[in-house]
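Chemist: Take this sequence and fold it.
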Amino acid sequence: MAAVGIALGWSYGAAFASAQDDDPLERRAPGLFGLLLNKYRVDEAYSLVIGTMGLALTAIAGWLDRALIAPLIAAVGRITLFLGRLNFIVDDTLFNDGPDALARGTTASGRRTRRLQTGKAQDYLVYLFGGIVLLAALYLYVIR
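Modeler: Got it, this is the predicted structure:
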């Protein structure tokens with residue numbers, strides 16, 4: 001097949017006497033010559049079919065991006081920002097400040113309780129007697 005093609009090309013090339021001569025195929029079959037010269041009009045067909053579809057798909061994709069995707073991404077960003085701020089507030093208030101305040105209160109009450117722990121028996125008897133008097137007053141004046 002290759003040899004036949006080479007032979008046809010050789011015989012076709014021998015038909016030219018000089019570079020300025022007209023192509024013999026153009027004289028004998030101008031329609032075939034035009035078709036071959038324009039590469040079977042593949043470029044024009046490609047541009048018409050693929051190029052037009054490409055432009056249409058590009059326009060559709062651009063509209064989808066502007067009308068749907070970009071607003072959706074912006075909304076997700078706003079929701080995420082809101083949830084992040086809410087998480088910060090809850091975390092800072094509930095999980096940081098609350099336990100810190102409880103720890104400070106526990107430390108302060110521990111300091112006050114430590115002052116009551118003197119190790120002297122007479123101090124403990126005073127606390128016991130004061131508690132009994134307080135409970136008796138509560139029973140006599142409030143509960144009855």
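
Chemist: what's the longest helix in the protein?
Modeler: Longest helix of the chain, by residue count under DSSP state H: helix 70-90.

Chemist: what element comes up after it heading to the C-terminus?
Modeler: Downstream of helix 70-90, the next assigned helix or strand under DSSP states H and E is helix 98-116.

Chemist: just how off-centre is that following helix within its chain?
Modeler: In this view, helix 98-116 has its centroid 46 Å away from the chain centroid, taken as Cα atoms, centre = their mean, to the nearest Å.

Chemist: Now tell me what touches it from outside.
Modeler: 123, 127 (Cβ atoms under 8 Å, 6 or more residues apart in numbering). Every C-beta, even on glycine, is put in place using the N, C-alpha and C of the backbone.

Chemist: same thing with stretch 75-88?
Modeler: Outside stretch 75-88, no residue touches it (Cβ under 8 Å, 6+ apart).
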